[in-house]
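Asker: Sequence plus the predicted model coming up.
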Amino acid sequence: MKRSIFLYILFLLPLTHIFGQQERKLVREGVKEFQDQKYNEAEVQFRKALDAKPGLYEGEYDIANSLYKQKKYSEAASEYEKLLEKNNDPQKRADLYHNLGNSQVMAQQFDKGAEAYKNSLRIRPNDEDTRYNLAYALEKLKQQQQQQKDNKDNKKDEKDKDKQKQDQKDNKDNQDKKDDQQKDKDQQQQPNQDDKNKQDQKEGKDKQQQNISQQDAEQMLNAVQNQEKETKEKLDKKKAVAKPVRTEKDW
């Protein structure tokens, strides 16, 4: 698991000369399972070796590696952190920080992974694989932060759109309410307007009838006056025709 995330070489340290007979057998079986890519079975064998010899660094280290290969990145990171707490060997600590960084990066904890790589480089500054992985972690961290920012902006835009829609709905509801109120008001005023129109029509009719009656009276008066004028003219004509009879004798 040491070296690059992509060009990854796992250091198994089967230092069998320091093991007892039972531990040697268990570690050997674990290594075989690991090489056969049976990582769960390998973990089981390494844990049995650790039970037979508690505190065995190689057993704990290989357990962490087996967890990583099973894609149990958080559990693997936890195991590497435990080993860092009780190991003071610089080279081993550099390996542990490198592998811890790998686990955290694979768990998408890019900020923590970058910090682990930096700690490894502080011990072993010329390790090109760790330097490469650090650059990768920083780039992924930048992308992650940009994605978080974009998501935040998108949520804000959606929130603004929702608010705009709600404002439009509220405005429409208010306008509909005003229209309904105006309609009710118009309906209430309509009977009064109808009564007024009827009254105006009645008054107009009465006025018309009054005008007609006045016209009839004037016509009747004119007729009487014309009749009187004709009678007077007739009388005047009769007076003009009738001459007085002479009674004197012309001698």
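Answerer: Arrived safely, thanks for sending. Computed from a predicted model, the values in this text were never measured in an experiment.

Asker: what's the neighbour count on E60?
Answerer: Residues lying near E60 (other Cβ atoms under 10 Å) number 21. C-beta coordinates here come from the backbone N, C-alpha and C atoms, glycine included.

Asker: I'd like the next helix or strand past the strand or helix carrying it.
Answerer: Taking DSSP states H and E as the criterion, the element that holds E60 is helix 57-69. Sequence order places helix 73-85 as the next helix or strand after helix 57-69, per DSSP H and E.

Asker: And the strands in the chain, which stretches?
Answerer: 2-3, 8-9 (DSSP state E).

Asker: Pick out the shakiest of those, pLDDT-wise.
Answerer: Ranked by mean pLDDT, the strands of the chain end with strand 8-9 in last place, scoring a mean of 46.

Asker: Give me the residue at the spatial middle of this structure.
Answerer: The centre of the chain sits closest to E158, judged by Cα atoms, centre = their mean, with a distance of 2.5 Å.

Asker: How about the contacts made by that residue?
Answerer: Not one residue lies near E158 by Cβ atoms under 8 Å, 6 or more residues apart in numbering.

Asker: any idea of the pLDDT on W251?
Answerer: 36.

Asker: ditto for D195
Answerer: 66.

Asker: One more: K243?
Answerer: On the pLDDT scale, K243 gets 51.

Asker: same deal with T130?
Answerer: 95.

Asker: what number of residues lie near it?
Answerer: T130, neighbours per other Cβ under 10 Å, totals 27.

Asker: ok, it touching Y117?
Answerer: Yes - the criterion here is Cβ atoms under 8 Å, and T130 meets it with Y117 at 5.4 Å.

Asker: Overlap in contacts, those two.
Answerer: 98, 101.

Asker: Outside of the helix holding E60 itself, list whatever touches it.
Answerer: Here helix 57-69 has contacts from 1, 10, 12-15, 23, 27, 30-31, 34, 37, 39-40, 42-43, 46-47, 49-50, 53, 75-76, 79-80, 82-83, 87, 92, 99, 102-103, 106, using Cβ under 8 Å, 6+ apart.

Asker: tilt between that helix and helix 73-85?
Answerer: 160 degrees (axes from the mean of the first three to the mean of the last three Cα atoms, to 10 degrees).

Asker: Quick check: buried residues in helix 57-69?
Answerer: Neighbour-count burial for helix 57-69 flags 58-69 (criterion: 16 or more other Cβ atoms under 10 Å).

Asker: low pLDDT regions in the stretch 151-251 of the chain?
Answerer: 189-196, 204-214, 217, 224, 236, 238-251 (pLDDT under 70).

Asker: related to what we said a few turns ago, Q146: which of the buried residues of helix 57-69 is nearest?
Answerer: Ranked by distance to Q146 (Cβ to Cβ), these are led by Y68 at 27.8 Å.

Asker: List the single closest residue to that closest one in space, sequence neighbours excluded.
Answerer: Spatial nearest neighbour of Y68, chain neighbours left out: A76 (4.0 Å); criterion: Cβ to Cβ, 6 or more residues apart in numbering.

Asker: Near that neighbour, how many other residues are there?
Answerer: Using other Cβ under 10 Å as the criterion, the residues surrounding A76 number 26.

Asker: How about E41?
Answerer: Neighbour number of E41 under other Cβ under 10 Å is 16.
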